[in-house]
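Engineer: how would this look folded up:
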Amino acid sequence: MLGGEGMHIRSTFAIAETVLDKFRSDLGDDFEAYRNHIFRVLNFYSAMAPAGSDPSEAVQLAAAFHDLGIWTDDTFDYLQPSVKRARAHLESSGQLSLLPEVSLLIVSHHKVRPYLGEFASTVERFRRADFVDVSLGLLRFGLPVSFVRKVRAAFPNAGFHGRLASLTFRQLAHHPLRPLPMFRW
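Structural biologist: Below you'll find the model as predicted:
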């Protein structure tokens, strides 16, 4: 089992927060819900890392952008729109060298099978951390249930999972043969 006494909850992630502030109007009433989702994912990611190390700049950037296309592009097929937004940010901030890893983190975070390609250690950990949150802690990948509960209490859902459910039903109604277009094998 991962974690133990040394697991701590970080209350802020400055890089992710800076990006999110730029998209506050796009996120509208869902700002807190999405912010809390990102902070839960980053805390789970850190807890899965060797010695509970903090997420890198690439991971924090990917976290901020990973689902953003839902709001910026009004689509449930949001992986490429999210990568597009991340790319624009990286270009404008002179950090284009991070694009390969950030892109893989975003496009692989809903991969059903474990990720084994380039940047596998960060991409797979991020994939698992997102699944911990999206599954409401039913999937924990070795994280203690007590830690998952503490993170969820520190960063309340604020309607995030309800929004995902409504988007899933909307997608199903409009595209019944493609209800979850973001999932990859």
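Engineer: Mind exporting the C-alpha coordinates of whichever strand or helix holds residue 45 to CSV?
Structural biologist: Assigned by DSSP states H and E, residue 45 belongs to helix 31-48. Taking Å, rounded to 0.1, in the frame of the first residue of the first chain, the C-alpha atoms of helix 31-48 are listed here in CSV:
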residue,chain,number,x,y,z
PHE,A,31,-14.6,27.2,-11.4
GLU,A,32,-14.5,25.9,-7.8
ALA,A,33,-15.7,22.4,-8.9
TYR,A,34,-12.9,22.2,-11.5
ARG,A,35,-10.3,23.7,-9.3
ASN,A,36,-11.0,21.3,-6.5
HIS,A,37,-10.9,18.4,-9.0
ILE,A,38,-7.5,19.5,-10.1
PHE,A,39,-6.2,19.9,-6.5
ARG,A,40,-7.6,16.4,-5.6
VAL,A,41,-5.9,14.9,-8.6
LEU,A,42,-2.6,16.6,-7.8
ASN,A,43,-2.7,15.5,-4.2
PHE,A,44,-3.4,11.9,-5.3
TYR,A,45,-0.6,12.2,-7.8
SER,A,46,1.9,13.4,-5.1
ALA,A,47,0.9,10.7,-2.8
MET,A,48,1.6,8.1,-5.4
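Engineer: Please state the offset of that helix from the chain centre?
Structural biologist: Relative to the mean C-alpha coordinate of its chain, helix 31-48 is positioned 7 Å out (C-alpha atoms, centre = their mean, to the nearest Å).
Engineer: how about the helix or strand following that helix: buried residues?
Structural biologist: Remark: after helix 31-48, the chain's next helix or strand is helix 57-65, criterion DSSP H and E. By 16 or more other C-beta atoms under 10 Å, the buried positions in helix 57-65 come out as 58, 59, 60, 61, 62, 63, 64, 65. For the C-beta atoms, the positions are set from N, CA and C on the backbone; glycine is no exception.
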